[in-house]
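*Asks:* Sequence and predicted structure, then a few things I'm wondering about:
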Amino acid sequence: MRPTVEAVHRALACPHSCGYMRLLRLGDRWTPLDVRFGVPLFDAKLNDAVCHHARQAGIFASPAALREHVREQRLLALRLQAFISAHTAWMPTIDETAAAVALPITSVSFDGRDLSQASL
């Protein structure tokens, strides 16, 4: 694994998960552009690669491994919800009868080790 991929993998703390990430080269370093969980259905080659690595890691090899996968996905969802809540503000829409819309209040940056508020 590339150092950036390993850093994201450690930061997410989901060793029993499957998925993929897209990286963007910025100068002489790679930075995460997108992290996707699950098995991609739109690209057969990527689907094969993710399934191959999931089989190698034994993510779905036993009922216990499947339970651990489900547990990690639930914990990740809770952490993601907390992250979204910390970086959004609920603002009423122009039409007061419509639902409120979550708007971003900060920009974030991941440097390969730490997630921090980005300065623009």
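*Replies:* Yes, it's here. Numbers count the residues shown, from 1 in each chain.
*Asks:* Look at Asp34 and tell me its secondary structure.
*Replies:* Secondary structure of Asp34, reduced to three states by DSSP: H, G, I helix; E, B strand; the rest coil: strand.
*Asks:* Let the chain start at 561 from now.
*Replies:* Done: numbering now begins at 561, and the last item shifts to Asp594.
*Asks:* Contact partners for it?
*Replies:* Met581, Arg582 (Cβ atoms under 8 Å, 6 or more residues apart in numbering). Where you see a C-beta, it was placed from the backbone N, CA and C, and this is true even at glycine.
*Asks:* how near is it to Arg615?
*Replies:* Applying Cβ to Cβ, to the nearest Å, the value for Asp594 to Arg615 is 23 Å.
*Asks:* and if you look at Asp603?
*Replies:* Distance from Asp603 to Arg615, by Cβ to Cβ: 18 Å.
*Asks:* now swap in Val568 and tell me
*Replies:* Val568 sits 22 Å away from Arg615, going by Cβ to Cβ.
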